[in-house]
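Chemist: Kindly return the folded structure for what I paste below:
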Amino acid sequence: MSGHSKWANIKHKKEKTDSARAKVFTKIGKELTIAVKEGGGDPASNSKLRDLILKAKANNVPNENIERTIKKAQGSSGETFEEITYEGYGPGGIAIIVTTTTDNRNRTAGNIRSYFSKYHGNLGQTGCVGYLFSDQGMIVIDNEDEDINEDELMEKALDAGASDFNAADGVFEIATEPDDVYEINEKLNQLGYKSLSAEKTKVPSNYVSLDNEDDLKFMSLLLEKLDEDDDVMDVYHNCENV
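Modeler: Below you'll find the predicted structure:
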């Protein structure tokens with residue numbers, strides 16, 4: 001079936017260090033806090049919280065961490081986060097979307113603008129590149145050991161509600177509707193398939209290759225800087241070769 005392996009290459013070939021996992025836990029904790037403050041701490045009546053709990057589990061966040069974060073958010077009146085999305089262009093005109101969760105929008109906006117400027121990009125207006133991306137759910141299952149029957153997994157994924165299936169670079173990518181990704185991931189987990197991740201993502205309609213070495217260097221540095229920022233949740237781009 002159709003698909004593009006770049007998403008998996010970008011998101012899942014990084015070393016899974018303790019510090020990287022801790023950062024994921026922190027970011028999901030912020031999302032959980034926002035969801036609780038917006039809709040309460042009961043996942044039965046708060047669909048956003050329910051999805052985030054499933055997302056947390058898909059990213060191997062311990063249950064006690066999830067429960068502790070929800071309880072803290074219910075009893076806290078101090079720290080308040082908001083979600084802000086930035087759009088812009090990287091070196092060579094690469095389209096970039098940056099989603100953030102922050103308790104200080106001036107700090108975050110200043111930092112994001114500084115990163116783009118320093119590494120030969122520029123921020124644009126809301127919507128300037130968003131039309132180049134579509135929302136999608138993506139489940140990634142490791143098959144580096146080649147011990148998973150591809151046809152069997154594809155059949156079970158499609159039966160569970162997946163919209164597309166792709167095998168590439170030692171992983172299986174299972175595309176879903178954005179709102180279905182966590183539920184489908186749970187079904188596959190119950191069937192014995194362990195996912196590397198399951199999340200809502202943005203997929204570009206086409207990819208662009210950077211041929212200029214300086215552009216490629218600055219694009220890599222920009223992505224590295226964004227990844228290091230604690231306010232940044234996700235970064236989506238259409239660069240083919242970084």
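Chemist: Pull out the buried positions in the longest helix seen in the chain.
Modeler: The longest helix of the chain (DSSP state H) is helix 18-39. Neighbour-count burial for helix 18-39, counted by 16 or more other C-beta atoms under 10 Å, picks out 24-25, 27-37. Placement of C-beta: from N, CA and C, glycine included.
Chemist: With respect to residue 68, which of those is nearest?
Modeler: Using C-beta to C-beta, residue 29 is the member of those that lies nearest residue 68, at 9.0 Å.
Chemist: Which helix or which strand is home to the closest residue to that closest one other than its chain neighbours?
Modeler: In space, and not counting its chain neighbours, residue 29 is closest to residue 69: 4.8 Å by C-beta to C-beta, 6 or more residues apart in numbering. For residue 69, the element it lies in under DSSP states H and E is helix 63-75.
Chemist: could I get the helix or strand following that helix in PDB with only the CA atoms?
Modeler: The element immediately downstream of helix 63-75 (helix or strand, assigned by DSSP H and E) is strand 82-89. Output of strand 82-89 as PDB, limited to C-alpha atoms (Å, rounded to 0.1, in the frame of the first residue of the first chain):
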ATOM      1  CA  GLU A  82      -1.500  27.300  26.600                       C
ATOM      2  CA  GLU A  83      -0.900  25.700  23.200                       C
ATOM      3  CA  ILE A  84       0.500  27.900  20.400                       C
ATOM      4  CA  THR A  85       1.400  26.900  16.900                       C
ATOM      5  CA  TYR A  86       4.000  28.700  14.700                       C
ATOM      6  CA  GLU A  87       4.500  28.400  11.000                       C
ATOM      7  CA  GLY A  88       7.500  29.400   8.900                       C
ATOM      8  CA  TYR A  89      10.200  28.600   6.400                       C
END
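Chemist: Going by neighbour count, which residues in the next helix or strand after the longest helix of the chain are buried?
Modeler: Where DSSP H and E defines the elements, the next helix or strand beyond helix 18-39 is helix 47-58. In terms of neighbour count (16+ other C-beta under 10 Å), helix 47-58 has its buried residues at 49-58.
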